[in-house]
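Give me a model of this one.
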Amino acid sequence: MYRRYLKPLIDFLIALLAYFFLLPVFLLIALLLFIANRDNPFFLQLRPGKNGKLFRIIKFKTMNDRRDSSGELLPDAERLTAIGRIVRKTSLDEIPQLINVLKGDMSLIGPRPLLPEYLKLYTPHQQKRHNVRPGITGWAQVNGRNAISWSKKLELDVWYVEHISFWLDVKIVWLTFLKVLRSEGINTANMATTEPFNGSN
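Predicted structure coming up:
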């Protein structure tokens, strides 16, 4: 009952209210990132959703497109702007994903949508993470986020899929709030973004 009917309804209503409540913040961040990046303040990328169906995720773009003399993009840490670092540290870069929730591509809570190229690397058990809509936050995010291994992260994703309930989602919302306040687990050591998944890490 909750998983099939109430969860999608709750997602839509909360995302709609949050979007209008956060609209001034949304516009301010978009303006500041536009100035810092000297370009589009939004990051759009294809990600697999429920049943592996691809959708275009939208986030705030926290890194610019600076390149070296060979035309290659500089390392992530060097392209992360000052305002981008603040936006990422406070998890405000996730705000635009409320649009994905309103469109039905995502849920507020669920396994994070990863890269399409990872689909072929998952074990059959890990593939279960795609039995539900991906989320803005999830069980893996409140249990280590980028500070834990990929195998542990995917294990936590599948555990969530197999144990979805209203009270579990409430718990995740509360733990997410605490994690954001403490800025815990945002990046792995010495990296602006987490290391890529290769099927074994």
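
Could the C-alpha coordinates of the helix-or-strand element of the chain with minimal mean pLDDT be exported in CSV?
The weakest-scoring helix or strand in the chain, judged by mean pLDDT, DSSP states H and E, is helix 76-79 (a mean of 81). Presented in CSV, the C-alpha positions along helix 76-79 are these (Å, rounded to 0.1, in the frame of the first residue of the first chain):
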residue,chain,number,x,y,z
ASP,A,76,37.6,17.9,-10.4
ALA,A,77,39.2,19.5,-7.3
GLU,A,78,40.6,22.3,-9.4
ARG,A,79,37.4,23.0,-11.2
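
Look through the protein and tell me its longest helix.
Taking DSSP state H as the assignment, the helix of the chain that covers the most residues is helix 166-182.

name the helices or strands packed onto that helix?
Helices and strands in packing contact with helix 166-182 are listed as strand 107-109, strand 135-137; criterion 3 or more CB pairs under 8 Å, 6 or more residues apart in numbering; DSSP states H and E. Quick note: C-beta positions are derived from backbone N, CA and C, even for glycine.

What ranges does the chain have for its helices?
Here the chain has its helices, by DSSP H, at 7-21, 23-37, 76-79, 82-89, 97-103, 150-162, 166-182.

as a whole number, average confidence for the second one?
Computed over helix 23-37, the mean pLDDT rounds to 93.

angle of it against helix 82-89?
For the pair helix 23-37 and helix 82-89, the angle between their directions (axes from the mean of the first three to the mean of the last three CA atoms, to 10 degrees) equals 140 degrees.

Return the angle between stretch directions for helix 23-37 and helix 7-21.
Between helix 23-37 and helix 7-21, the angle comes out at 70 degrees (the same axes, to 10 degrees).

How about the last one?
Orientation of helix 166-182 against helix 7-21 (the same axes, to 10 degrees) gives an angle of 30 degrees.

quick revisit: in the least confident helix or strand of the chain, which residues are buried?
Residues of helix 76-79 classed as buried: Arg79 (neighbour count, 16 or more other CB atoms under 10 Å).

before we move on, what about stretch 104-111?
Residues of stretch 104-111 classed as buried by neighbour count (16+ other CB under 10 Å): 105-111.

can you list those in TSV and add distance to Ile35 and pLDDT?
Putting those into TSV (distance: CB to CB, whole Å; pLDDT from 0 to 100) gives the following:
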residue	distance to Ile35	pLDDT
Asp105	29	97
Met106	28	98
Ser107	32	97
Leu108	30	97
Ile109	33	97
Gly110	33	97
Pro111	34	97
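
Out of the residues you listed, which comes closest to Val142?
Among the buried residues of stretch 104-111, Ile109 lies closest to Val142 (CB to CB), at 9.7 Å.

so what's that closest one bridging to?
Under the criterion DSSP bridges, Ile109 forms beta bridges with Thr137.
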